[in-house]
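J.: Need coordinates for the following:
(one chain, ligands or ions: 2)
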Amino acid sequence: MLLLAGCGITGTEPNPLEPKGSVAEDQLFLIKLSLGIMIGVLVIVFALFFYVLIRYRKRRGQDDIPKQVEGNHILEIVWTVVPLLLLLVLAVPTVYYTFKFAEDYREHQDALQVNVTAHQYWWEFEYPDYGIITAQELYIPVNKTVSVDLISADVIHSFWVPALAGKMDTLVGMNNHMYFDAKEEGVYKGKCAELCGASHALMDFKVIAVSQEEFEAWVDKMQNPGYAIAEDTSQGQELFKNKCMACHAIDAGTPGLGPNLTNYADRALVAGFRPNDSEWLHRWIDKPDEMKPGTTMPEVPLSEDEITEIVNYLQTLK
Ligand code: HEC
Ligand SMILES: [Cu+2]
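T.: Ligands and ions are numbered 1, 2, ... in the order given. From the prediction side, this is the model:
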């Protein structure tokens, strides 16, 4: 286990042991408290066990039965009261934080409201107060409580950003909720944490925590994308309109069957897990199922040149 955990030490993998938000910090405190108590008990019990094993072992020539201690009141009180106290020390903060983590911020004015819909195999983020729908990248301001309302479009998934907060399942037809914040600006890796199909392991997303000003600039840009479509990408635009727009919108207010592609060229990744460059974009549009087995994005019949036109067009969406 220690060797496997070592894979996370490189700092590139999400890590609940390096919390970057207040919820994750409180959760790490609970982990440390319970592990600390349990390891303490383990060490003391084993130390006593080995001491007794060696000190009172049967010696050569010893045939009588040793002094019996049953009914020893002091011992019985000690081994009843000590575990009781330990369980109390565990229970009080655990119960306190269980209720704290379950608090519902969905009606709070000060919290940023985000509706999360999990799909096989991508994440949709809707900001109801701003009329923005986007995918794979969840922009949030630092030091602000983010309240997420979680639902699934197909099977059970689980929303997990290890550095910011523990997991929460997304269900069909039943909303779950949780909240978190980020104390430092940065990009925090998120994962689907519930086996949901062939491409479960590729169902990644990012939480991008920025300053309040940067967040407002992002909101403004999403609401008013000033695409500068050049003459030579008009063919790609036309193809996109005809073949892709049934599922993909390029204005942030319109929902769709696929990810909303507003300002798509500003996104770092294709389908949440490959670099957003012309090569990967081409591969994705050509054979989505090869990159993400089981994806619901269809393989649209297109020539190589047509795909290139569309890719060039998508790269102007910024
Ligand atoms: C039937 C609906 C549908 C059609 C038609 C469709 N797509 Fe998609 N597309 C999807 C879905 C669903 C996804 C999400 C797949 C995933 O990540 O698992 C997706 C993902 C994408 C992505 C990655 C989005 C992201 O968030 O990174 C791009 C880019 C894309 N499609 C481009 C296109 C282009 C270009 C066309 C037209 C040639 C097209 N799509 C046609 C449904 C569709
Ligand atoms: Cu999933």
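
J.: Secondary structure element holding the residue lying farthest from the centre of the chain?
T.: Distance from the C-alpha centroid of the chain peaks at residue 61, with 64.9 Å (C-alpha atoms, centre = their mean). Assigned by DSSP states H and E, residue 61 falls within no helix or strand.

J.: ok, it to ligand 1 distance?
T.: Residue 61 is 76 Å from ligand 1, where distance means C-beta to the nearest ligand atom, to the nearest Å. No exception for glycine: its C-beta is placed from N, CA and C like everyone else's.

J.: What of residue 134?
T.: Counting by C-beta to the nearest ligand atom, the gap between residue 134 and ligand 1 amounts to 8 Å.

J.: Contact partners for residue 317?
T.: When contacts are counted by C-beta atoms under 8 Å, 6 or more residues apart in numbering, residue 317 touches 225, 227, 250, 261-266.

J.: Oops, could you answer that again for residue 286 instead?
T.: With C-beta under 8 Å, 6+ apart, residue 286 has these contacts: 299, 302, 304, 307.

J.: quick one, strands of this protein?
T.: When secondary structure is read from DSSP state E, the chain shows strands at 112-119, 122-127, 132-135, 137-141, 146-152, 157-161, 165-170, 176-180, 186-192, 204-210, 269-270, 274-275.

J.: Beta-bridge partners for the residue nearest the centre of the chain, please?
T.: Averaging the C-alpha coordinates of the chain gives a centre point, and the residue nearest to it by C-alpha atoms, centre = their mean is residue 160 (2.2 Å). Beta-bridge partners recorded for residue 160 (DSSP bridges): residue 191.

J.: Of the contacts of residue 317, which is the nearest to residue 209?
T.: Using C-beta to C-beta, residue 266 comes nearest to residue 209 of those, at 16.4 Å.

J.: Identify the residues contacting the closest residue to the closest one other than its chain neighbours.
T.: If the residues on either side of it in the chain are set aside, residue 266 comes closest to residue 318, at 4.9 Å by C-beta to C-beta, 6 or more residues apart in numbering. Contact criterion C-beta under 8 Å, 6+ apart gives 225, 227, 263-266 as the residues in contact with residue 318.

J.: and those, which are buried?
T.: The neighbour-count criterion (16 or more other C-beta atoms under 10 Å) marks 225, 227, 263-264 among those as buried.

J.: which of those are close to ligand 1?
T.: The subset of these within reach of ligand 1, counting by C-beta under 6 Å from any ligand atom, is empty.

J.: Of these, which one scores lowest on pLDDT?
T.: Taken together, the buried ones among the contacts of residue 318 show their lowest pLDDT at residue 227, with 81.

J.: Any idea how many residues pack against the closest residue to residue 105 other than its chain neighbours?
T.: With C-beta to C-beta, 6+ apart as the measure, residue 147 is the residue that lies nearest to residue 105, at 3.6 Å, once sequence neighbours are left out. Other residues near residue 147 number 20, with proximity taken as other C-beta atoms under 10 Å.

J.: Ligand 2 contacts on the stretch 151-300 of the chain?
T.: Taking C-beta under 5 Å from the ion, the part of the stretch 151-300 of the chain that reaches ligand 2 is made up of 157, 192, 196, 203.
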